[in-house]
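# Got a predicted structure here, sequence first:
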Amino acid sequence: MTRRLGLVAALVALASFGACIQSLYPIYTDKDLVFEPALVGTWAEKPDSKETWRFAKVDDTTYELVQTDEGKTGTFVARLARVKGTLLLDLYPKDPELTATDYYKFHLRSVHSFILVTQIVPMLQMAPMDYDWLKAYLKKNPNAVRHEIVDEQLVLTAPTRDLQAFVLAHLKTKEAWGEPSTMTRVGL
């Protein structure tokens, strides 16, 4: 199992946010899910950026996110959750397009990651939880939220409710959040 999570870690790293926080469980429950039509479209930090995030509506609670960077793409199932007034974007990789055998692919497990959404209109602003802060915090406070270190990678293993409580408790902890990324709509 340890080796499988290490492989998954490589699959879901989002370059623009550095080391992402990985979780076995989503940041949302079904009742938390919201759909914001304003999120649909293509976003980039600069008009000529090689990295874009394209959100498309799948259904009333789900987006497909195609993240493109330097000509490479990653496709995610994205869900927006409002948890006690706070917007959080949960990302989960769609089936990896691997050329390996079905038996090999069966052994890979995808994980969730989440990003704080502070604004959608007129610009999309998102901030990841700071990986280094979280790792240091959990080293000092190992019982703060359930987690494991797998191949030197921090993986949150807390159920959704505990994960939400931990994130909400640290919304105002400045060091807990990375620099927000501000994106504007492109291709209109």
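In hand now; what should we look at?
# In terms of secondary structure, what does the helix or strand harbouring Y63 contact?
According to DSSP states H and E, Y63 maps onto strand 62-69. Packing partners of strand 62-69 (3 or more Cβ pairs under 8 Å, 6 or more residues apart in numbering; DSSP states H and E): strand 51-59, strand 72-83. For glycine as for every other residue, the C-beta is placed from the backbone atoms N, C-alpha and C.
# thought E175 was touching D130?
Yes - between E175 and D130 there is a contact under Cβ atoms under 8 Å: 6.5 Å.
# Those two: which is more packed in?
Of the pair E175 and D130, D130 is the one with more neighbours under other Cβ atoms under 10 Å, namely 22 against 12.
# Quick check: chain neighbours aside, which residue is closest to that one?
Take D130 and drop its neighbours on the chain: the residue closest to it by Cβ to Cβ, 6 or more residues apart in numbering is G178, 4.8 Å away.
# likewise Q22?
V111 (4.4 Å).
# wait, the one you found sits on V155?
Yes - assessed by Cβ under 8 Å, V111 is found in contact with V155 at 6.7 Å.
# Which one's more surrounded, those two?
A direct count of neighbours by other Cβ under 10 Å for V111 and V155 places V111 higher, at 22 against 19.
# For the more buried one, give me phi and psi.
phi -130, psi 160 (degrees, to the nearest 10).
# Return the set of residues that bridge with T86.
V83 (DSSP bridges).
# what's the neighbour count on it?
Neighbour tally, T86, other Cβ under 10 Å: 16.
# same thing with F114?
By other Cβ under 10 Å, 25 other residues sit near F114.
# So it, which state does it fall into?
When classified by DSSP: H, G, I helix; E, B strand; the rest coil, F114 comes out as strand.
# Which residue, other than its chain neighbours, is closest to it?
I27 (4.2 Å).
# ok, that neighbour to V66 distance?
According to Cβ to Cβ, to the nearest Å, I27 and V66 sit 21 Å apart.
# These two - which one has more neighbours?
Shown here are I27 and V66; by other Cβ under 10 Å, I27 has more neighbours (25 against 17).
# wait, isn't that one in contact with H112?
Yes - I27 is within contact range of H112, at 6.8 Å (criterion: Cβ under 8 Å).
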